[in-house]
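Colleague: this is the structure alone, sequence omitted:
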């Protein structure tokens, strides 16, 4: 089957649908299954993002998509961008729901961990950093043993992070799935302030403002780097890609990379 990311005729068709969708909705932060007038636009855009990450996209195509939506390929999760656009549309129309209001409130509490551009977008909605600190938990007796926090504490104590794969089980508990649920609650503004605070204390980047897959790769590299073990080819390629993409990364991603010896390429070659 011909790849729409490579066939010129399909590329033109994809851009035409992207222009039409952006003119109608004001952005390109659509979910992968989205179809526009019968065209699989969400899937086509996903391929373009993958090609950008691999350095295989025509600069003219990137410029065209950037002109339609400067944040069509953000360095933070696309789910965040979709939530932002829902909140923006509701704020503009004066129909902000309780869920969207909670989402904005959560972003104000997470303000310092957000990308500066995310902060600018939120400021456009009238949001600002939260002035009241999130309450610090004073006891752990409120969490029954069957819930996830005790397992998160135990895992973080042993591994130094909570960037666990989806299917990770810790002492029989489905910790990976539980953490995914907490991230979803955070995006929806439904996670309790105490749980948010404790998870952030265990791992400041348990719910990073960049793709979670990046965080897992970072910890794999960090573990091998700390023990002076050789990197497998996959992680070598990942490290080289971070050097290339360094200027586009979140400042906190750059700081994490610097700590494991990955830096921006020298302008002198």
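Modeller: That came through fine. Fair warning: this is a prediction, and the values are worked out from it, not measured in the lab.
Colleague: wait, residue 212 sits on residue 163?
Modeller: Yes: assessed by C-beta atoms under 8 Å, residue 212 is found in contact with residue 163 at 7.1 Å. C-beta here means a position set from N, CA and C on the backbone, and glycine is covered the same way.
Colleague: more crowded one of these two?
Modeller: Neighbours per residue (other C-beta atoms under 10 Å) separate residue 212 from residue 163, with residue 163 holding more: 23 against 19.
Colleague: now do the contacts for the more buried one.
Modeller: 203, 205, 206, 212, 215, 216, 218, 219 (C-beta atoms under 8 Å, 6 or more residues apart in numbering).
Colleague: so residue 208 sits right up against residue 214, yeah?
Modeller: Yes: at 7.5 Å, residue 208 and residue 214 qualify as touching, with contact defined as C-beta under 8 Å.
Colleague: still on that earlier bit, mind listing which of the contacts of residue 163 are in strands?
Modeller: Using DSSP state E, no member of these sits in strands.
Colleague: quick one: buried ones out of the residues you listed?
Modeller: 203, 205, 206, 212, 215, 218, 219 (16 or more other C-beta atoms under 10 Å).
Colleague: closest one of the residues you listed to residue 254?
Modeller: Taking C-beta to C-beta as the measure, residue 254 lies nearest residue 218 of those, at 11.5 Å.
Colleague: chain neighbours aside, what residue packs nearest to the closest one?
Modeller: With C-beta to C-beta, 6 or more residues apart in numbering as the criterion, residue 218 has its nearest non-adjacent residue at 5.9 Å, and that residue is residue 256.
Colleague: equivalent analysis for residue 90, please.
Modeller: Leaving out its chain neighbours, the residue that sits closest to residue 90 by C-beta to C-beta, 6+ apart is residue 96, at 4.4 Å.
Colleague: now residue 178
Modeller: residue 148 (3.8 Å).
Colleague: that neighbour: neighbour count?
Modeller: Number of residues near residue 148 (other C-beta under 10 Å) recorded here: 20.
Colleague: again, but for residue 24
Modeller: By other C-beta under 10 Å, the residues close to residue 24 number 9.
Colleague: quick one: residue 21 and residue 36, what's the gap?
Modeller: With distances taken as C-beta to C-beta, to the nearest Å, residue 21 is found 5 Å from residue 36.
Colleague: more crowded one of those two?
Modeller: Shown here are residue 21 and residue 36; by other C-beta under 10 Å, residue 21 has more neighbours (22 against 18).
Colleague: so the more buried one is in which element?
Modeller: helix 8-25 (DSSP states H and E).
Colleague: so which elements touch that helix?
Modeller: Applying 3 or more C-beta pairs under 8 Å, 6 or more residues apart in numbering; DSSP states H and E, we find helix 8-25 packed against helix 41-53, helix 59-68.
Colleague: for residue 83, find the nearest of these.
Modeller: helix 41-53 (16.1 Å).
Colleague: just checking, what packs against the closest one?
Modeller: helix 8-25, helix 59-68.
Colleague: mind telling me which of those helices the model trusts least?
Modeller: Ranked by mean pLDDT, the helices and strands packed on helix 41-53 bottom out at helix 8-25, which scores a mean of 84.
Colleague: tell me how far residue 115 lies from residue 51.
Modeller: From residue 115 to residue 51 the distance is 22 Å (C-beta to C-beta).
Colleague: residue 215 too?
Modeller: Per C-beta to C-beta, residue 215 is found 22 Å from residue 51.
Colleague: same question, residue 62
Modeller: In terms of C-beta to C-beta, residue 62 sits 9 Å off from residue 51.
Colleague: residue 219 now?
Modeller: Applying C-beta to C-beta to residue 219 and residue 51 gives a distance of 26 Å.
Colleague: what do you get for residue 28?
Modeller: Look at residue 28 and residue 51: by C-beta to C-beta, they are 15 Å apart.
Colleague: restricted to helices, list the contacts of residue 163.
Modeller: Secondary structure assignment by DSSP state H places 212, 215, 216, 218, 219 of the contacts of residue 163 in helices.
Colleague: pretty sure the third one sits against residue 162.
Modeller: Translated: residue 216. No: assessed by C-beta under 8 Å, residue 216 is found out of contact with residue 162, at 10.6 Å.
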